[in-house]
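Participant: Predicted model and sequence follow; I will ask about them next.
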Amino acid sequence: MIPVAFTYVRARDVADAVRLLGEHDDAKLLAGGHSLIPMMKLRLAAPATIVDIGSVPGLTGISHDGKRIALGALTTHANLAASRELAIYAPVLAQAANVLGDPQVRNRGTVGGACAHGDPSADYPAVMLALDAAFTLTGDGGTRDVGADEFFTGMFETALGPCEVLTEIAFATAPHSAYAKFPHPASGYAVVGAAVNLKLNGDRIASARVAFTGVGDAAFRAQGVEAALAGIARGDTAALDAACRNAAAPSTLLRAGSIEARGDTFASAEYRAAMADVFLRRAVASALQPA
Amino acid sequence: MNVTLRVNGVDHALDVEPRLLLVQALREQLDLTGTHVGCDTSSCGACTVLLDGVSVKSCTMFAVQAEGRSVTTIEGIGSREDLHPMQEAFWTQHGLQCGFCTPGMIMSAIDLIARHPDPSEEEIRYGIEGNICRCTGYENIVKAVTVAAAAVRRA
């Protein structure tokens, strides 16, 4: 499969990438290429210009100051998956990175590229929503931070502007967090992915963030479940069960017509929503396990 | 446009269209046809090569992205007279039948044992998840990687 011909330019730094995006019509950023290149080979995408930021310095790495963790946008999935710090301080992200794609995909694909792609079945959007991550976007007007709640706007759509570069993703440490995924057996994408981030006060859940991917046109939070989880004691499995199956759980929301779920030959909308409830419960159990 | 890259220790300067995939550059411009194209959709891993020592799918990378980088293909790891321990183990353990997936499988397995010198069966199966074999059922591939890892540790 051969992509449509394009002009290729290499950015030296972020400012150069922003300038090149502005100078070329119909330009796309290329990072690791593991979302964009397959789409170009299928001719689902045919950008006139590719601006390669793959060798821009300073955009890789995981930094941690004890309270917040910041990821350079070009950090690979493999680096996230292998990080001992993330395994302790943001297990939801480490777990997602470990079940994303396969080893070769993880070696090339980047966290920023995957988020900017906005695939409705990708793992990170739910994880970033659960982490309440901030996305740092640099454009010709300067730099702005966009929260995950505003970043993922629809199917393959994000708040990233046409001449902006995603440079960093940052979030508060989340030691009681987990990701539970039902992978499609052929593609490995999430049929359903549930991301949970709990704040504990002693043995009780003080607050929760819960998000799903794979279910609808974009990842979404289940705020009714988040509210129901707050206050439950760690060992109260009956209450945890009830919270994960309450009126705000995906299967109930689908039956009530409050959310839309995608259906395909592998998983109907109803099955997807039912599995979302199941994987939510698993993620909650995993997040509550002692580290 | 021009791209300079090192393939199996030899520097090359190629004139390529930006849309040329790395696997096409290797096979069609450098005649290194040991790297196979299987699915062409980033799934099967037959096209796996090492980029600066790390396994990548060469069908999911433009040759221009390899500018200044070092690529190792199946042709670069051993010779007919002096097989790489991973090649030797795939032979002695019958880790292949038709052989189509084998070059990619071997390149992935070399990256795998570099990260896990003494891999468990679970680590091996996880490490070759990006490579599909339609013949063997993977049993003898797992055996081959185990045997090769032991041979490399002894060497």
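Facilitator: Okay, I see it.

Participant: can you map out the helices along the chain?
Facilitator: No chain in the question, so chain A it is. A:14-23, A:36-41, A:77-82, A:84-89, A:91-98, A:103-108, A:111-117, A:124-131, A:148-151, A:223-229, A:237-244, A:250-255, A:269-288 (DSSP state H).

Participant: meant chain B actually
Facilitator: Under DSSP H, chain B gives helices at B:22-24, B:85-92, B:102-115, B:121-127, B:139-154.

Participant: Quick one, which of those gets closest to residue A:105.
Facilitator: helix B:102-115 (11.7 Å; C-beta to C-beta). From N, CA and C alone the C-beta is placed, and that goes for glycine too.

Participant: Let's test this: mean pLDDT of the closest one, rounded?
Facilitator: Computed over helix B:102-115, the mean pLDDT rounds to 98.

Participant: so can I have a markdown table of the helices of chain B showing mean neighbour count and distance to chain A?
Facilitator: As requested, the helices of chain B are exported to a markdown table (neighbours: other C-beta atoms under 10 Å in any protein chain shown; distance: least, C-beta to the nearest C-beta, whole Å):
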| stretch | mean neighbour count | distance to chain A |
| --- | --- | --- |
| helix B:22-24 | 24 | 9 |
| helix B:85-92 | 21 | 15 |
| helix B:102-115 | 24 | 7 |
| helix B:121-127 | 16 | 6 |
| helix B:139-154 | 19 | 13 |
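
Participant: Tabulate these in JSON lines, adding columns for distance to residue A:179.
Facilitator: Formatted as JSON lines, those follow (distance: least, C-beta to C-beta, whole Å):
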{"stretch": "helix B:22-24", "distance to residue A:179": "32"}
{"stretch": "helix B:85-92", "distance to residue A:179": "33"}
{"stretch": "helix B:102-115", "distance to residue A:179": "22"}
{"stretch": "helix B:121-127", "distance to residue A:179": "17"}
{"stretch": "helix B:139-154", "distance to residue A:179": "27"}
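
Participant: closest one to residue A:70 among the ones you listed?
Facilitator: helix B:102-115 (25.3 Å).

Participant: okay, that closest one in CSV with CA atoms only?
Facilitator: As requested, the backbone C-alpha atoms of helix B:102-115 are provided in CSV (Å, rounded to 0.1, in the frame of the first residue of the first chain):
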residue,chain,number,x,y,z
THR,B,102,10.9,-16.0,10.5
PRO,B,103,13.1,-13.0,9.7
GLY,B,104,10.8,-10.7,11.6
MET,B,105,10.3,-13.1,14.4
ILE,B,106,14.1,-13.4,14.8
MET,B,107,14.6,-9.7,14.9
SER,B,108,11.9,-9.3,17.5
ALA,B,109,13.4,-12.1,19.5
ILE,B,110,16.8,-10.5,19.4
ASP,B,111,15.4,-7.3,20.9
LEU,B,112,13.5,-9.4,23.4
ILE,B,113,16.5,-11.2,24.8
ALA,B,114,18.5,-7.9,24.8
ARG,B,115,15.9,-6.6,27.3
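
Participant: what's that helix packed up against?
Facilitator: In terms of contacts (3 or more C-beta pairs under 8 Å, 6 or more residues apart in numbering or on different chains; DSSP states H and E), helix B:102-115 is packed against helix A:103-108, strand B:48-51, strand B:54-57, helix B:85-92, helix B:121-127, helix B:139-154.
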